[in-house]
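Trainee: take this sequence and fold it.
(4 chains)
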Number of protein chains: 2
Amino acid sequence: MARAATTSDAFNAIAERQRREILVLLQGGERPVAELARGLGMSQPQASKHLRVLREVELVRVRRVGKQRLYGLDARGLRPVHEWLGGFERFWSGSFDRLDEYVQDLKQARREEPSDGDGQ
Amino acid sequence: MARAATTSDAFNAIAERQRREILVLLQGGERPVAELARGLGMSQPQASKHLRVLREVELVRVRRVGKQRLYGLDARGLRPVHEWLGGFERFWSGSFDRLDEYVQDLKQARREEPSDGDGQ
DNA sequence: TTGACACTTTCCGATATAGGCATATGATGT
DNA sequence: ACATCATATGCCTATATCGGAAAGTGTCAA
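Mentor: Numbers count the residues shown, from 1 in each chain, chains lettered A, B, ... in the order given. Model (predicted):
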């Protein structure tokens, strides 16, 4: 097995820096492909490919306007990611750097004691 | 070029589901490798490899205790990721679903009007 | 030293990625 | 129909992944 497809979820899709940059540019509103490509200094085909990935995970939408294709942000797919990260917020927003580790250790010790071997 | 290394950032490191699950388990405190492997139903070598990746991007720390190696969370590396996502918060936390798109369109239109053709 | 335990690393294969370049598709204008 | 502009797709290569199986390192106990 190789790495999970970039199109398998938002996590994988945004792992690529250029894709992230596209999303940031799109915060400013819809943009045609060429403008995105220029703005990020990449070839047009490459931009298209990245946009395809973002489209497949539904982080962007397309709209045809004449010959152009306007890509727009659909950030809803980022919400679960943001929420997942939120679960870690408490670990950097305070005491959790040294002092609390103590408590962790204690909890850890108790966990170890019962020597059950299974739990949930 | 292939995909960026999983060890190149937190973004890439957490793209893998199992790695994310490890981090979640670690929220409950330090854990030895075998327990993580069991908890996630993966082989112990596989767990070790994932932990290596997480260690390289500094999302976890190790500590030896006898024969065991206790892995602990170091969530600070997730903060930039969380912050990056925060930039998109406004796009799902309100009106930005249909109505505001309008405004976007207008801004977009003005952007297009100057009909420059080349920027830099 | 020997053995058992906890973990790490190496070797292997299958897969799919990012990017370059060429080409195909599709809409517009004449 | 044809040329042109704006995008998309196909083909190619190098690379690195995840996973399994096996072998290596390091610690403790007798």
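Trainee: quick one, strands of chain A?
Mentor: A:31-32, A:60-65, A:68-73 (DSSP state E).
Trainee: interface residues of chain A facing DNA strand D?
Mentor: Proximity of chain A to DNA strand D, by Cβ under 7 Å from any atom of the strand, involves residues A:1-4, A:32-34, A:44-45, A:47-49, A:51-52, A:62, A:67-69. (Each C-beta comes from the backbone N, C-alpha and C, glycine too.)
Trainee: can you say which of these are buried?
Mentor: Neighbour-count burial (16 or more other Cβ atoms under 10 Å in any protein chain shown) is assigned, among these, to A:32-33, A:47, A:51, A:62, A:68-69.
Trainee: on that earlier part again, mind putting the strands of chain A in TSV, mean pLDDT included?
Mentor: Formatted as TSV, the strands of chain A follow (pLDDT from 0 to 100):
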stretch	mean pLDDT
strand A:31-32	98
strand A:60-65	96
strand A:68-73	97
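Trainee: in JSON lines, list the ones you listed along with distance to residue A:15.
Mentor: Supplementary listing: those in JSON lines, determined by distance: least, Cβ to Cβ, whole Å:
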{"stretch": "strand A:31-32", "distance to residue A:15": "22"}
{"stretch": "strand A:60-65", "distance to residue A:15": "16"}
{"stretch": "strand A:68-73", "distance to residue A:15": "18"}
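Trainee: those: which one's closest to residue A:83?
Mentor: Residue A:83 lies closest to strand A:68-73 among the strands of chain A, at 18.1 Å (Cβ to Cβ).
Trainee: wait, does the closest one contact DNA strand C?
Mentor: No. If you take Cβ under 7 Å from any atom of the strand as the test, strand A:68-73 misses DNA strand C, and the best it gets is 8.8 Å.
Trainee: can you map out the helices along chain A?
Mentor: A:10-13, A:17-26, A:33-40, A:44-56, A:79-86, A:89-92, A:99-112 (DSSP state H).
Trainee: a markdown table for those, including distance to residue B:8 and mean pLDDT?
Mentor: Listed next are the helices of chain A as a markdown table, based on distance: least, Cβ to Cβ, whole Å; pLDDT from 0 to 100:
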| stretch | distance to residue B:8 | mean pLDDT |
| --- | --- | --- |
| helix A:10-13 | 14 | 98 |
| helix A:17-26 | 9 | 97 |
| helix A:33-40 | 18 | 96 |
| helix A:44-56 | 17 | 97 |
| helix A:79-86 | 18 | 97 |
| helix A:89-92 | 21 | 92 |
| helix A:99-112 | 28 | 45 |
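Trainee: ok, now which ones touch the residue of chain A found nearest DNA strand C?
Mentor: Residue nearest to DNA strand C within chain A (Cβ to the nearest atom of the strand): residue A:2, separated by 2.7 Å. If you count contacts by Cβ atoms under 8 Å, 6 or more residues apart in numbering or on different chains, residue A:2 has none.
Trainee: let's see that with 10 Å instead.
Mentor: By Cβ atoms under 10 Å, 6 or more residues apart in numbering or on different chains, the contact set of residue A:2 is B:2-3.
Trainee: burial measure for residue A:12, as a count.
Mentor: For residue A:12, the tally of surrounding residues (other Cβ atoms under 10 Å in any protein chain shown) stands at 23.
Trainee: off-centre distance for stretch A:35-42?
Mentor: Stretch A:35-42 sits 21 Å away from the centroid of its parent chain (Cα atoms, centre = their mean, to the nearest Å).
Trainee: report the buried residues of it.
Mentor: A:35-40, A:42.
Trainee: contact partners of that stretch?
Mentor: A:17-19, A:21-22, A:24-26, A:28, A:31-32, A:43-51, A:68, A:70-71, B:111-112, B:118-120.
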